[in-house]
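Asks: model the structure of this input:
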Amino acid sequence: MAYSAPSDGGRSIVYTERIGRVKYTYYDDGVVKITRYKGKKKIYWGRITVAMCMFMMLTLGVGQLGKSLTKAVKGSRTKIEMNNSMPEFVMNGSDAQPQAVASETSGEDDVRAEAETGTHYSNMNIRVCIDPGHGDYDTGTVAGDGIVEADQNLEISLLIRDYLESCGVMVSMTRESDVSVSLSDRCSIANENGCDFFVSMHRNSVSDTSADYSGIEAWVNNKAPAYDTALAQNILTALDEVGVTDDHGVKYGYRDMPGNNYQVNMDTVMPSCLLELGFVTSEQDNELFLNQKEQYAEAIGNAIIQTAIQLGVISESGERLLSGQLISDGKNNVYITDAYAKSGEINYITGFNNTESNTDR
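Replies: You can find the predicted model right below:
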């Protein structure tokens, strides 16, 4: 018979029992062996879940804070896509200012033909901001015969809106009633709605009412951007076809202060102009405004549309050719980034300029 060693060093186990995490082993010689076992750790899943959620929320919060700080440091810069294949403009005239003629289009002749034929556009896929100058307590000029500039600015602007909308144009108005709108808000309305063009409507005046001052003129940013100049000149040309007392042409900067700008021409990012549609202090201009305001509105609308076609924003049929918003090609608040040549993207900072602005326009 083979030898079998006694269990546990020669002692025999009588019996065992376990109480909780302690095991008792009783031997035949009276020895009791106590063995303690480590208990399993309890996993608090609820607490872990709460902690993970709090960590994720904290991470997201830090990320958003970082983005906000970056935006603040950069001056609220906004990227806008721009088509790189815009038509080039030629420099003409004794003052070497950009003219409203594209290198591959008939430009001014197209506007004149439009006015003569009376063609009505449709499905024109552009967005235009019309700005009726002044409003509410800011009446503008009040002429001796009771004409209030702000009221007539609104009247002609609403007619332009109605005509443009009948052509399928999307129109943003800075005001549609006799209310006060700040110059900054007027510019923001145009910028934030992605408008391709901005036209601010005014009527002119002169303090010396005995002098025979009359006629139309358009004011553009003093950097003389070619796109802005094209818009202004096309509008004046179209109005000439309807009939005006005199055409004083496109002017740059601010009256008697060429180093300054009207704010609406400084803080808008799209091609813009401020149009003085005759003098409220001129009997002749007032009569023309009264009798031809519908024709004036149509002429201005057609000129805006023709400029969009001329600049390659839309085709003759109104199909959108430019992928993004049309941006002025020369204002101080529009600057080209280092990546522009590769990406076709530009940035703008509203209000960034090197000149002063006057606050009455």
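
Asks: how far out from the middle of the chain is stretch 165-184?
Replies: Put simply, stretch 165-184 sits 15 Å off its chain's centre (C-alpha atoms, centre = their mean, to the nearest Å).

Asks: report the contact partners of the closest residue to Gly215 other than its chain neighbours.
Replies: Spatial nearest neighbour of Gly215, excluding adjacent residues (C-beta to C-beta, 6 or more residues apart in numbering): Asp246 at 3.1 Å. Where C-beta positions appear, they are placed from N, C-alpha and C, glycine not excepted. Listed by C-beta atoms under 8 Å, 6 or more residues apart in numbering, the contact set of Asp246 reads Ser214, Gly215, Ile216.

Asks: and Asp246, how far is that from Gln295?
Replies: 17 Å (C-beta to C-beta, to the nearest Å).

Asks: repeat that for Asp138.
Replies: Asp138 is 28 Å from Gln295, by C-beta to C-beta.

Asks: same thing with Glu217?
Replies: Distance, Glu217 to Gln295, using C-beta to C-beta: 19 Å.

Asks: comparing these two, which residue is more hemmed in?
Replies: Neighbour count, other C-beta atoms under 10 Å: between Glu217 and Gln295, Glu217 has more, with 21 against 18.

Asks: so that one bridges to which residues?
Replies: Glu276 (DSSP bridges).

Asks: circling back to that earlier point, nearest to Ile19, out of the contacts of Asp246: which one, please.
Replies: Distance to Ile19 across these (C-beta to C-beta) is lowest for Ile216, with 106.5 Å.

Asks: so for that closest one, what's the nearest residue that isn't a sequence neighbour?
Replies: Val244 (5.1 Å).

Asks: how many neighbours does Leu290 have?
Replies: 10.

Asks: same thing with Asn193?
Replies: 14.

Asks: hang on, Arg203 packs against Val280?
Replies: Yes. With contact defined as C-beta atoms under 8 Å, Arg203 reaches Val280; the gap is 4.8 Å.

Asks: looking at these two, which one has more neighbours?
Replies: Legend: neighbour count by other C-beta under 10 Å for Arg203 and Val280, higher for Arg203 (29 against 23).

Asks: does the more buried one count as helix, strand or coil?
Replies: Per DSSP: H, G, I helix; E, B strand; the rest coil, the secondary structure class of Arg203 is strand.

Asks: distance of it relative to Thr281?
Replies: Distance, Arg203 to Thr281, by C-beta to C-beta: 9 Å.

Asks: tell me the pLDDT at the residue nearest to Gly215?
Replies: Asp246 is assigned 97 on the pLDDT scale.

Asks: so where's this structure uncertain?
Replies: The chain contains residues with pLDDT under 70 at 1-10, 20-21, 37-44, 61-119, 209, 335-361.

Asks: doesn't Trp219 fall inside a strand?
Replies: Yes. Under three-state DSSP, Trp219 sits within a strand.

Asks: that one reaches Gln263, doesn't it?
Replies: No. Using C-beta under 8 Å, Trp219 is not in contact with Gln263; the gap is 11.5 Å.

Asks: quick check: buried residues in the helix or strand containing Ile160?
Replies: Using DSSP states H and E, Ile160 falls within helix 149-166. Residues 149-154, 156-161, 163-164 are the ones in helix 149-166 that count as buried (16 or more other C-beta atoms under 10 Å).

Asks: Glu176: which of these is nearest?
Replies: Looking across these and measuring by C-beta to C-beta, the closest to Glu176 is Leu158, at 6.9 Å.

Asks: where's the nearest residue to the closest one once chain neighbours are set aside relative to Val199, distance?
Replies: Spatial nearest neighbour of Leu158, excluding adjacent residues (C-beta to C-beta, 6+ apart): Glu176 at 6.9 Å. Taking C-beta to C-beta as the measure, Glu176 falls 15 Å from Val199.

Asks: okay then, goodbye and thanks.
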